[in-house]
Each structure stands twice: as structure tokens, then as C-alpha cells.
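Q: When you get a sec, could you give me coordinates for this:
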Amino acid sequence: MTAASLDIVAIGNAIVDVIATAEEDFLVAEGLAKGSMQLISADRAGDLYSKMGPGREISGGSAANTIAGMAALGRKCGFIGQVANDQRGKVFSHDIRAIDVAVTTPARESEPALVGGHFDTQFTFAQALTEAAAAVPNVVVLVSIPASDIAVGGDRGQDALARLRNVVRRKSAQWKPAEDDESFEIVRRRLFEPLIAPEQYTARDVTARAFYELYRTQAAEFPPETREAAYCLLYTSPSPRDRTRPRMPSSA
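A: The predicted structure is shown next:
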């Protein structure tokens, strides 16, 4: 058997967020509600992009963000996702490779607005993935789904979510949304070894403090929730499951 060259490989949409400041009048005129998410057509996206002010392009997406975090922790990582040979495709390709993540998928020359495939092709991929996972022992497929109606993205998002449930249920033993603390445990147990020695707990807290300081010093780059007191307590107080862990070191 060929030895694995990568520790973790993520499969997902290669997304570039375009972040711009907008006035209240613009939101009203375009029918956009604050704090909402909408699934829109390529034409609608192009129309909004042409009307909005200057923006910042930031590479992201759940899979890419996760793999970027693991690469920062020293893992050898790869990413599988389709980009177009256009401006935002080049931005994403540059950013993901700049953090030493292996990417071998060639850029697509056609249909840049639908580079990830049409609506139906997404579910063909999901079906193929679950079929393949079911055929391999000790493989678990974790599906990340929106946690609220707003995040689902309207009627089209509800349709997509219903179809995804049907695809996964064909091979799954159950479909049960995980609670917040359960999601944490799922990720922790799949990616990290158990902590035993006191110095391991200290190293964990130092890492958590580094993330907290990143959120604090780069506030404009992260959601406002990361600056709320309740969120900060995650980094400064023992968790209910671990009352004996060392206290987080104080920031300078």
C-alpha cells in the first residue's frame, strides 16, 4: 500500500467572500435584510457586484477554512475544490497554496459563474461520496448543515437541504442534528489525540489564547460575536466537562 503523503484532505466549495460596506438605502433598494442569507442566481450576483462599492476579496468556505486551521497547526493538508480561471479563482488558488496546502485540481476554463457545477451536480457528488464511504470500513461522513432558517437561505435553500437529507439517508443509520457541544466533541475526537499530561493542557490553552488574541487584534476580519463577553469566556473559564484544567494564561 502506498504511504499517505497528507494527514488531512478537505473536499468543498472554493469560496471567495467579497466584503463591502453598504448604506441603508442600498439595502432597502435591493431588498436585502441585515443578518440574512440568500441563495441567488449568477445574474443577480453580477448585478449586486456591479452596484456595490469597493470590496475586499477573502478566500474562505467551511472546508478551506478548516484545512487552513489544520495547516497552521502543522498538519500536511490538501484541498479538493473547483475554481475558474478568473479573478476570484486566481485569488483563491494563490491564498490556499500560500499556506502550504496541496492543491492539484486544475482551474476550469468555462462557465466561471457556475464553476462548482449546476444544482443537480452537487447532489450527484453527494450521492457518489456517501456510496464510496459506505463501501469502506471505519469511514464516517460528517455533513455540516445550516443551524437556522436564515442560514438555510430561503425557499431554494430549503429545497436543497431536503434533497441533501434524502441523499444522505440512503446510506446513513440516522439523521440527527448535533448540538453545539456535540459538534465540538465530534471534531475534537476525530482530529486530536486525548490530553493526558498537564503540559498538554497548558499547550492547548496557549493555542486557544492565540486564537482569542487573533480575533481581538483583527476584529474587522471576524464576526462581531467573537468580541462578545460570552464568547471570550470560552477562552478564560474552565469548561463544564473539565473543571480541573489549568487556567488560561493572561494576555500581556
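
Q: ok, E131 - contacts?
A: K171 (CB atoms under 8 Å, 6 or more residues apart in numbering). For glycine as for every other residue, the C-beta is placed from the backbone atoms N, C-alpha and C.

Q: ok, it to V168 distance?
A: 11 Å (CB to CB, to the nearest Å).

Q: Next: A10.
A: For A10, the distance to V168 - CB to CB - is 18 Å.

Q: go on, F192?
A: The value you get for F192 to V168, if CB to CB is used, is 25 Å.

Q: In terms of neighbours, single out the busier of these two.
A: V168 (18 against 10; other CB atoms under 10 Å).

Q: Mind listing what's buried along the helix or strand hosting F211?
A: Assigned by DSSP states H and E, F211 belongs to helix 198-217. Buried residues in helix 198-217, counted by 16 or more other CB atoms under 10 Å: T202, D205, R209, Y212, Y215.

Q: Count the neighbours of G78 for me.
A: Neighbours of G78 (other CB under 10 Å): 19.

Q: Likewise for the one 5 residues further on?
A: Here the number of neighbours of V83 (other CB under 10 Å) works out to 25.

Q: Tell me how far the residue nearest to L27 when sequence neighbours are not counted lies from E199.
A: Leaving aside its sequence neighbours, L27 sits nearest to K34 (CB to CB, 6 or more residues apart in numbering; 6.8 Å). To E199, K34 is 45 Å away according to CB to CB.

Q: Do a quick rundown of the helices in the stretch 1-150 of the chain.
A: All helices of the stretch 1-150 of the chain, identified by DSSP state H, counting those that start in this stretch, fall at 24-29, 42-51, 62-72, 87-98, 119-134, 149-152.

Q: before we move on, what about the stretch 151-252 of the chain?
A: Using DSSP H, counting those that start in this stretch, helices in the stretch 151-252 of the chain cover 154-169, 180-191, 198-217, 229-236.

Q: between those helices, which gets the lowest average pLDDT?
A: Mean pLDDT values for the helices of the stretch 151-252 of the chain show the minimum at helix 229-236, a mean of 58.
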